[in-house]
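J.: coords please:
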Amino acid sequence: MKESLKILFVSAEVAPYAKTGGLADVAGSLPQKLKEMGHDVRVVMPGYKIISSRQNYVTDFPVEMGGRQRTCIVRQLEDTACITYTLNNYDYFNRKYIYCYDDDGARFAFLCKASLELLKATGFKPDILHLNDWHTGPAAMLLKELYQLRDPFYQGIKTLFTIHNLEYQGHFGREILDLLGLPQSLFTPDGAEFYGMFNFLKAGLVYADKISTVSRTYAQEILTPKYGEGLEGVLQSRSGDLVGIVNGISYETFNPMTDPHIPHQYDEKSLIGKANNKKALQHELGLPQRDVPLVVVVHRLVSQKGLNLVLDVFDDMMALDTQFVLLGLGDPYLENAFTAFMKKYPDRVSVRIEFNEELSHRIYAGGDIFLMPSSFEPCGLGQMISLRYGTIPIVRETGGLKDTIVDAGLHADGNGFSFREMTPEAFLEAFRRAVDMYRNEPGTWLELVKHGMKSDFSWQHSAEEYLSLYDDMLSTGD
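T.: All right, here's what the predicted structure looks like:
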């Protein structure tokens, strides 16, 4: 491997500047770790209106979109761990939200094309162009079908495309090719065409030099019809180039000893702080300060997270004398269903339908049991964060949850509780086992909490795996 690699990391979300989920956390943490390991890493993201941090002008250049010149103004965020550029265009990104606009296809096509133009404009030629999720897939296509054919500057750049969640693919009309300046002859089943639509994610799968996803188990699952979201055939054809690398979490951001968002700092040697955080959370949310299992959920409220299982057995959970806290927003059905349970159990259930990063930290710190019964989970960060704060996860054995959580009832080295079948009965059985240990084996529970807090899900090992993958890519000839 080169002593120092040049890496450009492209993502639609980067924490803490723009975030809706785990993609932002990865984009905010992995580049920083790679830089700490001695590499020249730069990050590029859209210049959303919601970004509040100070930025400095770097350069500007035109980007041709469908025969029309669009201006891209490049700014650099101040006080970042590694150089982070925002690509600014008033028409595309000066809006209230990140997603859910009719022209999202054009917006992220601009991100892809402007990211490649940025390289020439700044003179930064990366060894690795690391693309993340569907928003960036066409950049791999552009590089191969346009830029590397026309300009020697772009030759030799290798592309890694990381799937963070295969469910979200970016389906748009075939006019995306015209916007990108690519011929319609590329709109084929062997290319980015997918059931008559241009599929952003498929473009990344077909054109990237290597493909990664965010856990070893998920890398195997997505080769099957059950988890492949219609792209299992494409993935099977590229299985030799597909690698699973488990995500990490930032041990600086999620550190109960230094976390500014929690009232009492603590570690595995001083758990009185965790007990006090539980009381503080109960007080903040209007729950009685009782020593009962405090069960918490911090998720986007979408079907993927398996929360229908929780709804199905909610009364049984309450019958075990527990308290329940949920923070999240999403599917109106789930929002209304959990809000209804708060009305049914007003002194035992607190539901906050919102995105609140600071409160999420207090929930992780104050909870006893964290629920993540996902129907599928590419990696999952919640279970790692909960362990960092000594809150024991209950998960379904799928994707990254299977790779990171070992059932404490079945293995001496366990760090949580798990179940396999996607049924209310299987989930409730795991839940009962966790509550039983909390209530009847306090010494065992305490050791489980300490063991979970000692788990190492930092980025060090994962970053080393990425560097090994980069090395493998660079050792392969054009």
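J.: and the closest residue to residue 60 other than its chain neighbours, what is it in contact with?
T.: In space, and not counting its chain neighbours, residue 60 is closest to residue 73: 4.5 Å by Cβ to Cβ, 6 or more residues apart in numbering. C-beta: built from backbone N, CA, C; applies to glycine. Residues in contact with residue 73 (Cβ atoms under 8 Å, 6 or more residues apart in numbering) are 47, 57, 60, 87-89.
J.: same thing but at 10 Å, please
T.: Contacts here follow Cβ atoms under 10 Å, 6 or more residues apart in numbering; on that basis residue 73 touches 47, 55, 57-61, 86-90, 114.
J.: and residue 360, by the same measure?
T.: 261, 296, 298-299, 327-328, 352, 382, 385 are the contacts of residue 360 under Cβ under 10 Å, 6+ apart.
J.: if any of those residues are buried, put those into a PyMOL selection.
T.: Restricted to buried positions by 16 or more other Cβ atoms under 10 Å, the PyMOL selection for these reads:
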select buried, resi 296+298+299+327+328+352+382+385
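J.: in the contacts of residue 360, find the pair that's most separated.
T.: Of all pairs drawn from the contacts of residue 360, the greatest distance, 18.1 Å, lies between 261 and 299 (Cβ to Cβ).
J.: on that earlier part again, flag the least confident of the contacts of residue 360.
T.: Across the contacts of residue 360, the bottom pLDDT score, 92, is held by residue 299.
J.: for it, what are phi and psi?
T.: Main-chain dihedrals, residue 299, degrees, to the nearest 10: phi -150, psi 160.
J.: so how far is residue 377 from it?
T.: 11 Å (Cβ to Cβ, to the nearest Å).
J.: quick one: common contacting residues for the two?
T.: With Cβ under 10 Å, 6+ apart as the test, residue 299 and residue 377 both reach 305-306.
J.: what is the subsequent helix or strand relative to the host helix or strand of the residue nearest to residue 60?
T.: Assigned by DSSP states H and E, residue 73 falls within strand 68-77. Next helix or strand after strand 68-77 toward the C-terminus (DSSP H and E): strand 84-88.
J.: export that following strand as CSV, just CAs?
T.: Listed next in CSV are the C-alpha coordinates belonging to strand 84-88 (Å, rounded to 0.1, in the frame of the first residue of the first chain):
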residue,chain,number,x,y,z
THR,A,84,-15.0,18.8,4.0
TYR,A,85,-16.4,20.5,0.9
THR,A,86,-20.0,21.5,0.3
LEU,A,87,-21.2,21.8,-3.3
ASN,A,88,-23.6,24.7,-3.5
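J.: for it, the distance to its chain's centre please.
T.: Mean-position distance between strand 84-88 and its chain equals 20 Å (Cα atoms, centre = their mean, to the nearest Å).
J.: likewise for stretch 296-307?
T.: On Cα atoms, centre = their mean, the centre of stretch 296-307 falls 14 Å from that of its chain.
J.: show me what counts as buried in it.
T.: 296-302, 305-307.
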